[in-house]
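Asker: just to be clear, the model below is a prediction. Sequence and coordinates:
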Amino acid sequence: MKKIFKIPLAYQIIIGLVLGIIVGAVFYGNPAVETYLQPLGTIFINMIKMIVVPIIISTLIVGVAGTGDIKQLGKLGGKTMIYFQVVSLVAIVVGLGAANIFKPGEGIDMSSLSKGNIDEYVQTTESVQNEGVMDVLVGIVPSNIFDSMASADMLPIIFFSVLFGLGIASIGEKGKPVLAFFQGTADAMFWVTNVIMRFAPIGVFGLIGVSVSKFGLESLIPLGKLMLLVYGAMIFFIIFILGSIAKFVGSSIFNIIRVLKDELILAYSTSSSETVLPKLMEKLEKTGSPKDIVSFVIPTGYSFNLDGSTLYQAIAAIFIAQLYGIDLSIMEQVTLVFVLMITSNGIAGVPGVSFVVLLATLGTVGIPLEGLAFIAGVDRLLDMARTVVNVLGNALATVVMSKSSGRFDVEKREKYLASLRNPA
């Protein structure tokens, strides 16, 4: 029995993923699969959600209180947001370029495509479509921090935690017991994270099994070209765009992937960035990024730096236009770029954000919204890829901010990488 528990987590998750696909394919269309497997996935996701807010609050408060410099935090916030917008813009341009060059929507018989249900996304879009930049800014300041915590609304939580951390730093000795409490909370929550991660392979098995049993493997065939293009564009973006950024700041995207392999496999399997947030923050700290930068950049990036999602949205928009034989002009595509950027930031954190952004965007350049129903069936598999890019993009953003601030601990990183090469 001991040998079973020696299998590395990454391989356990892959085994859960493969078994889930097999069970889903064998029992395709059987409602019993959802009845019995969905609870496994839901329990795992809920356990992760249970610890995300306490981890973000405690680590951000400890990190900010340790720095105690409001000017330094202001600079970090400004640089981070500029970086997010620039990289998101590049992701959209890569997506548009890929879709225009390879034309995934041309030559597809629309009668061979099955439509998925996008009603829930339409309702969400209607509820957020009228929100602008000012609404997002107002929403950052919580009227009741406990309401924000209960709904896991990250931006108000970050705002409160930064102010609270600065408050602890400003009162000196009196703040030390409070700081010790939050440090203890952070340490305890990371221990809880390690316990929860043991359940990850079972959660992945349940989630992927249900998805495959609902849509089957046959639904992938007509949209194979779109899926290949999305995956190809994501790989290109990781190696050439993120890789170039990493090299520019003296890092390596392949080292980051090696350090985060467990988290990236889990993110891919669950299609959820949230499932890896606690371990992502822990590992980035271990590899040389300061606590305050990690605890600020990662949660903020989860709302504003969704490189994989924006890249996918650009490809999907052009794909649907090509499907309907609509030839978008250069100006219409430029309009699409700006609307995608504004909309992505305006509704950060909304469930099903990629579909909601597309629903809010397509109409501005005359693309039929109902075209989204054709890709709903394969969205889960596309979501898996974009989640990996989202996680990797935010991990790199943390390294970039740490290095640009001159606070990256190279010695700590090398020590951790050596421990990976020569495990005890």
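Answerer: Noted; the coordinates are in hand.

Asker: mind showing which ranges of the stretch 1-150 of the chain have poor pLDDT?
Answerer: 1-5, 112, 114-133 (pLDDT under 70).

Asker: one more pass at 50, please.
Answerer: 1-5 (pLDDT under 50).

Asker: can you give me the helices in the stretch 151-300 of the chain?
Answerer: 154-170, 176-197, 200-215, 224-236, 243-248, 253-259, 261-270, 277-286, 291-304 (DSSP state H, counting those that start in this stretch).

Asker: of all these, which lies closest to G16?
Answerer: In terms of C-beta to C-beta, the element of these nearest to G16 is helix 200-215, at 3.6 Å. C-beta coordinates here come from the backbone N, C-alpha and C atoms, glycine included.

Asker: go ahead and measure how far that closest one is from the middle of the chain.
Answerer: Here the centre of helix 200-215 is set off from its chain's centre by 19 Å, with C-alpha atoms, centre = their mean, to the nearest Å.

Asker: also stretch 278-291?
Answerer: 16 Å.

Asker: so which residues make contact with that stretch?
Answerer: 48, 51-52, 55, 59, 62-63, 66-67, 189-190, 193, 197, 259-260, 262-263, 294-295, 298, 391, 394-395, 398-399, 401-402, 405, 407-413, 416-417 (C-beta atoms under 8 Å, 6 or more residues apart in numbering).

Asker: select only the buried ones of those in ChimeraX?
Answerer: To isolate the buried subset of the contacts of stretch 278-291 in ChimeraX, counting by 16 or more other C-beta atoms under 10 Å, use the following:
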select :48,51,52,55,59,62,63,66,67,189,190,193,197,259,260,262,263,294,295,298,391,394,395,398,399,401,402,405,407,408,409,413,416,417
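
Asker: need the pLDDT of P423.
Answerer: pLDDT recorded at P423 is 65.

Asker: so where is the stretch 251-400 of the chain shaky, pLDDT-wise?
Answerer: Ranges of the stretch 251-400 of the chain meeting pLDDT under 50: none found.

Asker: please redo it, this time with the cut-off set to 90
Answerer: The stretch 251-400 of the chain contains residues with pLDDT under 90 at 271-274, 302-304, 306, 324, 336-381, 383.

Asker: check contacts around N100.
Answerer: Taking C-beta under 8 Å, 6+ apart as the test, what N100 contacts is 318, 333.

Asker: tell me which element it falls in.
Answerer: helix 70-102 (DSSP states H and E).

Asker: that helix to helix 224-236, inter-axis angle?
Answerer: Counting by axes from the mean of the first three to the mean of the last three C-alpha atoms, to 10 degrees, helix 70-102 lies at 140 degrees to helix 224-236.

Asker: would you mark the buried spots in helix 70-102?
Answerer: Buried residues in helix 70-102, defined by neighbour count with 16+ other C-beta under 10 Å: 73, 76-77, 80, 83-84, 87-88, 90-96, 98-99, 102.

Asker: contacts for the strand or helix carrying T335?
Answerer: According to DSSP H and E, T335 maps onto helix 330-346. Helix 330-346 is contacted from outside by 85, 88-89, 92-93, 96, 100, 128, 131-133, 135-136, 304, 306, 309-310, 313-314, 317-318, 328, 353, 357, 360-361, 364-366, using C-beta under 8 Å, 6+ apart.

Asker: what about burial for those residues, which qualify?
Answerer: 88, 92-93, 96, 128, 131, 136, 304, 306, 309-310, 313-314, 317-318, 328, 353, 357, 360-361, 365.

Asker: contact partners for the residue nearest to F159 when sequence neighbours are not counted?
Answerer: Closest residue in space to F159, ignoring its immediate chain neighbours: I140 at 5.2 Å, by C-beta to C-beta, 6 or more residues apart in numbering. Under the criterion of C-beta under 8 Å, 6+ apart, the contact list for I140 reads 155-156, 158-159.

Asker: and the two most separated of these?
Answerer: P156 and I158, at 7.3 Å, using C-beta to C-beta across the contacts of I140.

Asker: please say which of the two ends up with more neighbours.
Answerer: I158 (23 against 19; other C-beta atoms under 10 Å).
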